[in-house]
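**Q** got a sequence here, can you model it:
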Amino acid sequence: MLAYSGTSSGLFPRMLWALLLLAASLNATNKDWDRPSCTEHEVSVDRGGRVVMACNVSTIFREVTINLTAYGTTTTIFNKKPPGNHSNDSWQLQIQGGQAQLVITDAQGIHAGEYWWTLRGFQKTLTNFTLNVTGLATDNQEPESLPVHAESLSAERTEVIFIVIITTTTIIIIITGISAFAWYKRCHSPKFHRPVPSLSHEFPGRPYLTLS
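**A** Now for the predicted structure:
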């Protein structure tokens with residue numbers, strides 16, 4: 001009993017000391033945490049307007065990757081390391097220390113969608129922004145763009161009709177082939193080949209009469 005008591009009493013100070021060391025380690029590591037802070041994650045802008053999406057961290061960026069998901073497609077716009085100002089068509093990325101800004105000066109339909117940011121500082125942080133561009137109604141489109149859309153719909157319908165015709169023709173050919181094969185087998189079946197009766201004028205029990 002004395003040995004068990006001594007062991008138990010020595011176990012608790014060691015556990016307490018381990019917890020204190022863990023707390024001190026977490027406190028020291030906390031100084032290197034990125035603690036990202038970003039602008040609003042849902043942005044709406046009129047067509048032709050200016051948009052700024054930004055994220056700041058308490059440390060420094062080592063790499064910034066931005067992907068745009070729109071109309072079912074994901075495209076990598078930037079994958080850059082600081083510092084520097086980078087351009088990709090109408091997108092501009094500015095990275096300096098712990099600050100990153102994505103700037104669009106003339107927002108259009110191609111800019112709308114979800115922007116997925118991967119921020120690498122001392123840790124890896126994922127965040128996203130949703131950009132809505134208003135003023136993209138049909139009446140604002142160019143007149144020649146509508147007939148092109150109608151032609152594409154007509155082409156799709158023609159393709160569907162062509163597929164239906166091909167499928168129907170194939171089914172008819174298959175059914176015709178099966179019917180012809182069944183008719184052929186039926187015609188060559190043994191029960192359709194009965195022996196033809198002999199046209200003999202013999203009379204049973206009577207000899208042949210030979211005329212000389």
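**Q** low pLDDT regions in the protein?
**A** Within the chain, the stretches with pLDDT under 70 are 1-32, 136-164, 189-212.
**Q** can you give me the strands for it?
**A** 37-38, 42-46, 51-56, 63-70, 73-80, 84-88, 91-96, 99-104, 113-120, 124-134 (DSSP state E).
**Q** tell me the domain ranges of this protein?
**A** Domain assignment for the chain by automatic domain parsing gives 37-140, 141-185.
**Q** can you put the strands of the chain in CSV and add mean neighbour count?
**A** C-betas here are computed from N, CA, C, even on glycine. Conversion of the strands of the chain to CSV gives the following (neighbours: other Cβ atoms under 10 Å):
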stretch, mean neighbour count
strand 37-38, 14
strand 42-46, 14
strand 51-56, 18
strand 63-70, 18
strand 73-80, 14
strand 84-88, 12
strand 91-96, 18
strand 99-104, 19
strand 113-120, 18
strand 124-134, 15
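**Q** out of these, which comes closest to residue 176?
**A** Among the strands of the chain, the nearest to residue 176 by Cβ to Cβ is strand 73-80 (45.3 Å).
**Q** what sits closest to residue 96 if chain neighbours are left out?
**A** residue 83 (5.0 Å; Cβ to Cβ, 6 or more residues apart in numbering).
**Q** residues contacting residue 68?
**A** Residue 68 makes contact with 74-75, 77, 113-116 under the criterion Cβ atoms under 8 Å, 6 or more residues apart in numbering.
**Q** same thing with residue 106?
**A** Residue 106 touches 48-50, 90, counting by Cβ under 8 Å, 6+ apart.
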